[in-house]
Every structure is written in C-alpha cells, then in structure tokens.
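[1] quick one: sequence plus predicted model below, questions after.
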Amino acid sequence: MKLTGKWLFFAFFSLAFMGGSIAWTGSATAQDPSTQSADDRTIEEALDDIRNKETTKGINQLKRLADQANPDAIYHLAEMARLGIGSEKSIPVAVMYYRLAGKLGNEKAAMKLANILYFDGAGTPTEISEALATWQTFALQGNAEAAYLLGIIYWNGENGRTPDPLRGYGLVWRSAQTGYNDAIQSELTMRAQLPGKARSAGQVYGERLDELGFTDELIGMDLLVEGWVADEKEEAAAKPEDWTTVWRLEVGFALREDDAKAMMERIKRDQAETIKGLFGDIIESPNRIGRYRLLFGPVEGLHSAVSLCVGLKRAGFDCFAKPPG
C-alpha cells in the first residue's frame with residue numbers, strides 16, 4: 001500500500017496473552033443431575049474422585065469413556081496431561097488429546113489447542129495457520145474469546161501481517177458486546193486511538209462478521225491515513241487447463257497437505273512480488289499418494305521461469321523451472 005500524508009492515530013498497542021495458564025477447576029459448568037446423561041454423571045464422578053485425591057480411579061474412568069470416543073472425557077484427559085495431574089506434565093500428550101476432542105466437537109478443546117499452538121508452539125507456519133483457522137471458525141460461530149484474540153492479532157499485525165486496525169477493532173468490539181472482560185478493556189483503549197468514522201466502520205464490520213468473514217485485504221485504511229491509496233493488484237492468471245502444456249514453477253516435493261497449504265500461504269504472504277500475476281495451485285505429487293507440491297504459472301519461457309525460481313530459492317523454497325511436456 002502507499003502511505004502518503006500522516007497517520008491520524010498515534011500507534012498500535014501490544015497486549016500480552018495468557019496462553020494455557022488458567023488453573024484447572026475440574027468440570028466446566030455444573031449441571032442439574034436430572035438433565036445429565038449417564039456419561040456426564042460418570043465424568044462428574046471421575047472429577048470428584050480426582051479432586052478427592054483418588055486420582056488413578058478418576059483418570060481410569062475418564063479413559064474408559066475416552067475409549068468410547070466421548071469428547072468431554074478426552075478433553076479432561078488433555079487437561080490432566082497439560083497440568084501434570086496423575087502423571088508427569090506432557091504438552092505433546094495434551095495436544096494429542098485436545099486435537100482429538102476438538103475433532104469430535106468439543107469447542108473448549110479446539111480453543112485450548114489453538115492457544116497452545118499459537119502462544120506456546122514452535123511458531124511454524126503450520127501451527128500458526130491452524131490456530132488462526134480455528135479462531136476464525138469459532139469467531140464466526142459467536143465465540144467471544146476467538147473474536148478477541150483475532151482482533152488483537154489483526155490490530156497489532158502479528159506474525160508478519162500488516163496491521164489491519166479496523167478489522168481488529170471490529171472483532172474486539174464484537175467480543176466486548178458479549179461482556180468478555182478482556183475485550184471490554186481493550187475496546188476502550190482502541191477506540192481512543194481511532195477517528196470517529198473509522199470506529200464506526202470497525203463496528204459495522206463486527207456486526208456483519210458473519211457476512212463479511214475474513215480476508216487478507218485491509219479494510220478502511222482511507223479512514224486512518226490521509227491520502228491513502230490501495231496498491232493496484234495485478235490479477236492472477238487463470239488456472240491452466242493442463243499444467244504440462246505451460247512453463248511453470250514447481251515448489252516443494254512430497255509435502256503433507258497441511259504443510260503444502262501452509263507453504264502456499266507463506267509464499268503468497270512473503271513472496272507476493274515474486275509470484276505476482278501467477279496462478280498458484282496445490283496438486284498431488286506423482287507416485288506419492290497423499291503427498292503434495294505447489295505449482296505457479298503460467299510463466300513466459302525459460303528465462304522468466306529460472307529467474308523466478310532463483311528468487312524463491314533465495315527465500316528458502318525448493319523450486320524447479322519446468323518446461324511444457
């Protein structure tokens with residue numbers, strides 16, 4: 001983007017997160033026993049056993065239900081592993097249980113997993129992408145914590161992102177409307193830094209999140225920066241009907257699907273100028289079922305293909321210039 005003129009607000013602010021530091025309190029919300037299922041009552045009994053120092057008995061009950069694919073039991077086993085209750089603390093084991101419980105529909109487990117991946121993980125593109133995708137999914141479903149966390153990330157422009165303050169403010173504002181305490185405090189700080197029209201635009205985005213969703217396009221920057229003009233985007237080429245008929249860039253080899261998607265996102269974000277105007281595609285690697293590679297093209301001849309590949313290789317990506325045929 002082109003920034004001409006001066007900023008209309010002073011600076012973005014950074015907020016510290018408390019990833020995975022909430023003390024375990026056993027069960028979630030207590031239920032009326034008459035409305036509980038047999039499995040729910042068993043889980044309550046298991047948690048009571050653990051609170052009463054009969055840890056082995058309680059964990060064994062949870063494991064029996066986990067063997068039957070009960071997501072709540074699996075979630076509590078994840079909590080035990082994360083906090084080291086009944087055995088040594090093990091984040092990898094906790095992550096395994098959180099991931100399984102999340103896939104079985106436990107929202108708390110999916111959120112805990114996303115928080116661990118983003119705040120306490122290795123910071124790989126795969127982990128960051130998974131966490132963001134999880135938060136985006138739940139924010140669209142009305143989860144206040146997910147909307148708040150995303151709002152701070154967009155506001156600050158974390159992990160190589162360009163700050164997107166109106167989107168960030170709109171998400172935090174949406175979360176604050178539900179009474180989420182952290183969002184209430186942050187919204188007050190943010191609104192003090194935004195001009196009135198920008199603040200209103202952010203709130204409109206928050207109200208219409210279900211409709212507008214998430215994109216990489218910055219919103220409302222003309223309301224923040226005098227004379228701001230968005231970069232003109234060159235439209236990407238259409239996908240070739242047959243990749244073997246054109247010059248193309250082949251990037252990566254025998255990647256797992258999630259790694260291939262993460263690499264595509266990283267290239268589009270960090271190497272946008274290199275692949276400008278090219279169509280990006282993820283296809284299955286030949287002779288390697290379940291493994292993938294990236295394609296970019298079509299490219300105008302040998303010289304262009306080699307030149308572009310050199311740029312990607314310098315950025316750390318395996319790249320091969322492939323001719324038609």
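    Here it is on my side, so go on. Numbering: from 1, shown residues only.

[2] distance of the nearest residue to Tyr118 once chain neighbours are set aside from Ser87?
    Ranked by C-beta to C-beta, 6 or more residues apart in numbering and with sequence neighbours excluded, the top spatial neighbour of Tyr118 is Ala131, at 3.8 Å. Every residue, glycine included, has its C-beta placed from N, CA and C. Using C-beta to C-beta, to the nearest Å, Ala131 is found at 26 Å from Ser87.

[3] for Gly151, same thing?
    37 Å.

[4] next: Ser200.
    53 Å.

[5] ok, Ala131 and Ser87, which is more surrounded?
    Of the pair Ala131 and Ser87, Ala131 is the one with more neighbours under other C-beta atoms under 10 Å, namely 23 against 12.

[6] what pLDDT does that one get?
    pLDDT for Ala131: 93.

[7] what's the answer for Ala94, then?
    So Ala94 comes in at 93 (pLDDT).

[8] which helix or which strand is home to it?
    Element membership for Ala94, per DSSP states H and E: helix 91-103.

[9] where does the prediction get shaky in the stretch 51-200 of the chain?
    Along the stretch 51-200 of the chain, the parts satisfying pLDDT under 70 run over 160.

[10] where along the stretch 201-325 of the chain do the strands fall?
    247-255, 279-284, 292-299, 319-322 (DSSP state E, counting those that start in this stretch).

[11] nearest approach to Thr178 belongs to which of those strands?
    strand 279-284 (36.7 Å; C-beta to C-beta).

[12] give the buried residues for that closest one.
    279-280, 282 (16 or more other C-beta atoms under 10 Å).

[13] ok so, going back, who wins for proximity to Leu166 among the strands of the stretch 201-325 of the chain?
    strand 279-284 (27.4 Å).

[14] direction included, what does that closest one pair against?
    strand 292-299 (antiparallel) (DSSP bridges).

[15] quick one: the partner strand to chain centroid distance?
    24 Å (C-alpha atoms, centre = their mean, to the nearest Å).

[16] okay, angle between it and strand 247-255 too, please.
    Between strand 292-299 and strand 247-255, the angle comes out at 170 degrees (axes from the mean of the first three to the mean of the last three C-alpha atoms, to 10 degrees).

[17] so what touches strand 292-299?
    Residues outside strand 292-299 that contact it (C-beta atoms under 8 Å, 6 or more residues apart in numbering) are 237, 240, 243, 246-257, 260, 263-264, 267, 275, 278-285, 305, 308, 321.

[18] mind checking which of those residues are buried?
    240, 243, 246-252, 255, 260, 263-264, 267, 275, 278-280, 282, 285, 305, 308, 321.

[19] mind listing what's buried along the helix holding Ala94?
    Buried, per 16+ other C-beta under 10 Å, within helix 91-103: 93-102.

[20] closest to Gly121 among these?
    Val95 (8.7 Å).
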